[in-house]
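J.: predicted model, plus sequence, below.
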Amino acid sequence: MIPSFIMSHYFWVEYYLESNANLRIYWKIAFIYFAFTLIISPILKFIKNKLIIENLILIRKVFWILTFVFFIIHGFMYFNIEYFYSSQYSPDISYLSYVFKNIIYRNDALSWLIAWIFILILWVTSNNISVKLLWWKLWKSIHSLAYPAFLLTLIHIAFASRFDNFYIYLLLLVVWVRTVSYLINGWDNKKWKTTKYICIPCWYIYDEKLWDPDSGIRPWTRFKDISDDWTCPVCGVTKKDFKILK
């Protein structure tokens, strides 16, 4: 929370003369954490030190939790502030009715709600229990919602008319890091035929084209070349419990 504390004070200096400064501050902090969550994953591909990889994965998890927390704070603060002002002119309207009406008629509120639903799904399923219950392939598909969720946060910013240079630079950074990572990984692709291996107990699939970031295994690593002490990242069994996926 120390970076959050520092960022909030920095943004307070920037917005101290503006109304609803808290809304902008908490949203910017949430967006920073979301952006760096997406940046860490491609960076892991170029790191060989297992301790550094483990620390970056832990940081990514913390960033994701803080993204969710500040995203929620921003949304509820928005609805509470708006309801406070509206209730002065329409005292009979209930809070829930106002929120529903706001979501229906305001694009910024609607885009926030849809993004929040995606982020909530990602947050709830970010654990090993969900991986086992949903199976690896379905879990991976669900977690690809991170990309439309990020796009929806940008749409929300645009609808709120707050798309300044800060968001543009951060967006360009995310796109640049992920694009460079994709291109380098593509240029480094081998030509040998790859094989997929499936974990018998939990159905986790090891694809030789891809990687296991939690164990520091780089893309295009043959299954036979993985250390014998490697275990399934989902259920923890050894290589002996894998078979070729046909």
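T.: Structure's in. What do you need?
J.: from now on I want contacts and neighbour counts done on CA atoms only, so please keep to that.
T.: Will do.
J.: so what's Ala30 closest to, chain neighbours aside?
T.: Excluding the flanking residues, the one nearest Ala30 by CA to CA, 6 or more residues apart in numbering is Thr67, at 4.6 Å.
J.: surely that neighbour touches Phe34?
T.: Yes - between Thr67 and Phe34 there is a contact under CA atoms under 8 Å: 5.6 Å.
J.: in terms of pLDDT, where does Trp135 sit?
T.: At Trp135 the predicted local confidence, pLDDT, stands at 73.
J.: ok, now which ones touch it?
T.: Cys202, Trp203, Tyr204 (CA atoms under 8 Å, 6 or more residues apart in numbering).
J.: neighbour count added to those residues, as CSV?
T.: Formatted as CSV, the contacts of Trp135 follow (neighbours: other CA atoms under 10 Å):
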residue, neighbour count
Cys202, 19
Trp203, 19
Tyr204, 20
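J.: pLDDT and secondary structure added to those, as TSV?
T.: Formatted as TSV, the contacts of Trp135 follow (pLDDT from 0 to 100; DSSP: H, G, I helix; E, B strand; the rest coil):
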residue	pLDDT	secondary structure
Cys202	82	coil
Trp203	82	coil
Tyr204	84	coil
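J.: and those, which is closest to Phe163?
T.: Set against Phe163, the nearest of the contacts of Trp135 by CA to CA is Tyr204 (40.5 Å).
J.: re the thing from before, does the residue nearest to Ala30 sit in a helix, a strand or a coil?
T.: For Thr67, the assignment made with DSSP: H, G, I helix; E, B strand; the rest coil gives helix.
J.: ok, it - how many residues close by?
T.: Close neighbours of Thr67, defined as other CA atoms under 10 Å, add up to 24.
J.: contacting residues for it?
T.: When the contact criterion is CA under 8 Å, 6+ apart, the partners of Thr67 are Ile29, Ala30, Phe31, Tyr33, Phe34.
J.: how distant is the helix or strand the last one falls within from the center of its chain?
T.: Secondary structure from DSSP states H and E places Phe34 in helix 21-44. Here the centre of mass of C-alpha atoms in helix 21-44, compared against the chain's by CA atoms, centre = their mean, to the nearest Å, lies 9 Å away.
J.: what residues sit buried inside it?
T.: Buried residues in helix 21-44, defined by neighbour count with 16 or more other CA atoms under 10 Å: 22-42, 44.
J.: again, but for stretch 154-173
T.: Quick answer for stretch 154-173 (16+ other CA under 10 Å): Leu154, Ile155, His156, Ile157, Phe159, Tyr167, Leu171.
J.: correct me, but the fifth one touches Asn107?
T.: Yes - the pair formed by Phe159 and Asn107 meets the contact definition of CA under 8 Å, at 6.2 Å.
J.: helix/strand/coil for the residue lying closest to Asn128 once chain neighbours are set aside?
T.: Nearest non-adjacent residue to Asn128, counting by CA to CA, 6+ apart: Val234, 6.2 Å away. When classified by three-state DSSP, Val234 comes out as coil.
J.: OK, contacts around Val234?
T.: Val234 is in contact with Asn128, Val131, Lys132, Cys202, Tyr204, counting by CA under 8 Å, 6+ apart.
J.: tell me the confidence at it?
T.: At Val234, pLDDT is 79.
J.: so where do the helices sit in this structure?
T.: Ranges of helices within the chain are 2-15, 21-44, 50-87, 95-105, 107-124, 128-134, 136-143, 146-159, 165-187, based on DSSP state H.
J.: in the longest one, what counts as buried?
T.: It refers to helix 50-87. For helix 50-87, by 16+ other CA under 10 Å, it's 53-54, 56-57, 60, 63-68, 70-72, 74-75, 78-79, 83.
J.: and if you look at the fourth one?
T.: Along helix 95-105, the positions that meet the burial threshold by neighbour count (16+ other CA under 10 Å) are Tyr98, Val99, Asn102, Ile103.
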